[in-house]
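Trainee: Just the structure for this:
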Amino acid sequence: MGRSLLAVAVVAAVVLSGCAFLDVGGIAEPDSNRPDPDADVLGWEDGYWWNDSVAVDASDGLSKAELEVVTARMMARIERIRGHEFTEDVRVRVISHDEYRSGGSDDPEGTPTEEQFWEATFVVGEDDGVAESFDALYGSAVQGYYSNGRIVVIGSGDGGDLRISRATLVHELEHALQDQQLTLRVNASTRDGTLAGRGITEGDANYVESLYEARCEDGRFDCVSVPDGDGEGNTDGGGERLAYNRGLFVSTFVPYAEGAEFVAALRERGGWAAVDDGFETQPASTEQVIHPDAYPDERPERVTVRDRSNAPWNRVGDGEVVGEATAYAALWYNDVVPRDHLTSTEDGRYTYDHPITAGWGGDRLVAYENDGQHGYVWKTTWDSTGDAREFATAYRDLLESKDATARGDGVYVIEDGAFADAFRVVRTDETVVVVNAPTVGALDGVRDREQQGARAPTVGALDGAHDRHQRTANASVAGGVP
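Mentor: Prediction:
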């Protein structure tokens, strides 16, 4: 599989319940096993009703034929839960983690905007490549993905004793159903917008997954576990677990973590019809996914960054949007937000709702370059002056945690390390502007504080920093506290 950012459609990237095992059934007395219908109907797929018992011996894993049976009944059950009909067959393939990782990355280096994006959030520094960091993340966390009518699941065993996660297969089958009945397309041009759009697709898949698991637990579905491959509960395809960047993980995981709650809120608001409508009118920002009450009316402010650079510094593209979720991830990863906040809900699910970032109104991050040197301007707007003041204080705390020294007039310098640079942090009413450059003297080159006339911004498309998130589109991701 080529692992370019746009190649993987729907990855099961860090599924919250990814440790559950595959549904095979076959022990409880059958409630159905009734004749096949004359036409395809909800709750029946490929010869199996949703409540049929199946003749599958799961004690030694699944054969390919047994996997087909299990998949057919699972599809019928998802139809019954979701109220949509599968209209096409879905192919399922099982591979190991090592086989998945061998695909590598089609992007050997990050773009200038991408590199500056993750530097500005203090998640990936100058001594680590963004592309390599994402490779390590996806190589460790992805449990499966859906693309163009095919599901690939990370598992173990060969054709006669396959062991895979039930939760992952449910998740990916729901993506297949979305593809057939709704849409997998995300209508966004920024990373935050892409994460927000994935909040409906991944949120729906995770929500259906949780409903399925609940039915297994309360006996409405007869579900039997496939034994693990190594006696220790591992069905993840083996291979060495790679270390990965927790900040990247928390930023990328928001569609899975908050998406299910977002979808549950939509369903409570207007039933499954309201959820379906969410695929057409997708959330515009991660703020709306984190705070469902903000959807659909509270749209993000469109922030512009006038080009106030001086030659030889030049603007690169139109910029990116960091968003509330990644701003939270940055502060969490750097211990400005306490680490235990992420799982501070009663049920232990991830929460990105924190006072420092909850007042986010909009932002824009623009990269600049000068003969191999790089800088950026990150402009954020907030709901109130108090919210802006709180974020500015938090960002200064982050700088100080990296041993930055204050030089006066909002200027800070980090002398050594992966984020060694000069910074200027200025708050004006509800706006906070962070300027970054290699040296204090270069700060005015990136953004002249005194300049009255601004250079016209470069016209063109974003340089694609947000596209790297597409590698987890339509995917299951392994969860757990990072």
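Trainee: I'd like the distance between residue 70 and residue 214.
Mentor: Distance of residue 70 to residue 214, given as CB to CB, to the nearest Å: 19 Å. Placement of C-beta: from N, CA and C, glycine included.
Trainee: and residue 307, backbone torsions?
Mentor: With angles defined as degrees, to the nearest 10, residue 307 shows backbone torsions of phi -80, psi 110.
Trainee: State the distance from it to residue 102.
Mentor: 43 Å.
Trainee: These two: which is more packed in?
Mentor: The neighbour comparison of residue 307 against residue 102 (other CB atoms under 10 Å) goes to residue 307, with 17 against 13.
Trainee: I'd guessed the more buried one sits against residue 315; true?
Mentor: Yes: shown here, residue 307 and residue 315 form a contact pair, counting by CB atoms under 8 Å, at 5.0 Å.
Trainee: and residue 70 and residue 214? which has more neighbours close in?
Mentor: Shown here are residue 70 and residue 214; by other CB under 10 Å, residue 70 has more neighbours (27 against 11).
Trainee: what kind of secondary structure is that one in?
Mentor: Under DSSP: H, G, I helix; E, B strand; the rest coil, residue 70 falls in the helix class.
Trainee: From residue 177, how far off is the residue nearest to residue 204 when sequence neighbours are not counted?
Mentor: Distances taken as CB to CB, 6 or more residues apart in numbering put residue 263 closest to residue 204, at 5.1 Å, once the chain neighbours are dropped. Separation of residue 263 from residue 177 (CB to CB): 14 Å.
Trainee: pLDDT at residue 226, what is it?
Mentor: In this model, residue 226 is scored at 75, pLDDT.
Trainee: again with residue 130
Mentor: We have a pLDDT of 94 for residue 130.
Trainee: got it, and residue 110?
Mentor: 78.
Trainee: Does it belong to a helix, a strand or coil?
Mentor: Three-state call for residue 110 (three-state DSSP): coil.
Trainee: how close does it sit to residue 420?
Mentor: According to CB to CB, residue 110 stands 19 Å off from residue 420.
Trainee: Residue 296: how many residues sit nearby?
Mentor: By other CB under 10 Å, neighbour count at residue 296 equals 13.
Trainee: other SSEs contacting the host helix or strand of residue 376?
Mentor: Residue 376 belongs to strand 373-382 when assigned by DSSP states H and E. The contact analysis (3 or more CB pairs under 8 Å, 6 or more residues apart in numbering; DSSP states H and E) places strand 373-382 against helix 112-120, strand 360-370, helix 385-401, strand 431-437, helix 443-446.
Trainee: Pipe these into TSV and attach distance to residue 145 per row.
Mentor: What follows is the helices and strands packed on strand 373-382, written out as TSV (distance: least, CB to CB, whole Å):
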stretch	distance to residue 145
helix 112-120	22
strand 360-370	28
helix 385-401	34
strand 431-437	35
helix 443-446	39
